[in-house]
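Enquirer: what would the 3D arrangement of this be:
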Amino acid sequence: MRKTKKEKQSGSIAYQIITKKDLTGQATESNPVIRVAPVHQETVSTSTMSEEAAFGTTLTPTDIAAVLTSLGDYIARTLKNGKRLKVDHVGTFNVSLTCSWTDDEGKVHEHTLDDNITSGNKVRVKNIVFTPDAELLKEVRKAVCVSSGMKPYQGPTDEAIEAKFTEWFGTHPSITRKEVEWLFGCSRRYALNILKRLVGEGRLSAEGSAHTRYYKPV
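Expert: As a prediction, the model looks like this:
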């Protein structure tokens with residue numbers, strides 16, 4: 001795909017059209033509601049970032065890599081102490097909390113107001129929330145969005161999901177998120193949504209740690 005002069009100057013982000021559920025009742029099966037999502041995203045490693053960031057400075061890539069590693073440790077310590085962290089020209093880091101819990105079968109439960117959640121073990125960190133600096137967001141928004149040329153992706157029907165998982169588990173004891181991406185030709189986010197729904201319905205159980213997560217039929 002040849003980039004235009006404007007794309008070379010501002011950067012470009014390739015996108016794919018994806019159909020989604022219609023909550024308004026205005027779409028039809030032949031003309032569904034759509035959203036767009038970035039595709040062909042290459043992951044830049046710490047070593048690559050260190051080498052490129054060192055260009056034109058007196059710092060070495062090793063110096064920058066050490067700073068980045070130290071920054072990650074510092075962010076963790078700051079958030080664990082209940083503080084927000086603002087990094088100039090980057091953004092603000094904070095945490096979100098949850099009091100929902102998952103039983104042994106992988107089913108998610110929600111607490112009600114009458115439940116006593118004053119005990120700390122019922123509240124935990126859900127995620128790290130990042131809010132970009134206004135100038136950073138303004139700069140990234142200068143990117144030109146271009147079509148990837150891929151056909152619009154239509155999510156699998158419930159029947160297709162059932163059939164593919166049944167076939168998969170006929171020869172495999174478990175499945176990972178990456179394998180779901182390959183199985184349905186979908187994005188990471190879409191694969192996680194499928195797995196999250198099946199776990200919530202009690203049809204799959206999530207096993208392993210966050211970095212080695214796999215799913216087994218219940």
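Enquirer: how far away is residue 152 from residue 188?
Expert: The gap separating residue 152 from residue 188 is 18 Å, by C-beta to C-beta, to the nearest Å. Where C-beta positions appear, they are placed from N, C-alpha and C, glycine not excepted.
Enquirer: same check on residue 158?
Expert: Taken as C-beta to C-beta, the span from residue 158 to residue 188 is 21 Å.
Enquirer: equivalent analysis for residue 88, please.
Expert: 30 Å.
Enquirer: what do you get for residue 122?
Expert: 30 Å.
Enquirer: could you do residue 172 as well?
Expert: Using C-beta to C-beta, residue 172 is found at 20 Å from residue 188.
Enquirer: what's the helix or strand for the residue located most distally from the centre of the chain?
Expert: Distance from the C-alpha centroid of the chain peaks at residue 58, with 35.1 Å (C-alpha atoms, centre = their mean). Under the criterion DSSP states H and E, no helix or strand holds residue 58.
Enquirer: that one: what's it in contact with?
Expert: Listed by C-beta atoms under 8 Å, 6 or more residues apart in numbering, the contact set of residue 58 is empty.
Enquirer: backbone phi and psi for it, please?
Expert: Per-residue torsions, residue 58: phi -90, psi 0 (degrees, to the nearest 10).
Enquirer: residue 92 too?
Expert: phi -120, psi 140.
Enquirer: residue ranges for the strands of this protein, please.
Expert: With DSSP state E as the criterion, the chain has strands at 12-19, 34-38, 85-87, 91-98, 101-102, 108-109, 124-132, 144-147, 204-207, 214-217.
Enquirer: what lines up beside the second one in the sheet?
Expert: Strands flanking strand 34-38 in the sheet, each with its direction: strand 12-19 (antiparallel) (DSSP bridges).
Enquirer: could you do the fifth one as well?
Expert: Based on DSSP bridges, the pairing partners of strand 101-102 within the sheet are strand 108-109 (antiparallel).
Enquirer: quick one: mean pLDDT for the strand it pairs with?
Expert: Averaging the model's pLDDT scores along strand 108-109 yields 73.
Enquirer: next one: it to chain centre, how far?
Expert: Remark: strand 108-109 is offset 21 Å from the chain centroid, using C-alpha atoms, centre = their mean, to the nearest Å.
Enquirer: domain ranges for the protein, per the record?
Expert: Structural domains assigned to the chain are 5-147, 158-217, following automatic domain parsing.
Enquirer: deepest in the core, which of these is it.
Expert: domain 158-217 (a mean of 14; mean count of other C-beta atoms under 10 Å).
Enquirer: got the end-to-end distance for that one?
Expert: 16 Å (C-alpha to C-alpha, to the nearest Å).
Enquirer: what about the helices in this structure?
Expert: For the chain, the helices defined by DSSP state H occupy 5-10, 46-54, 61-80, 134-140, 158-169, 177-184, 188-200.
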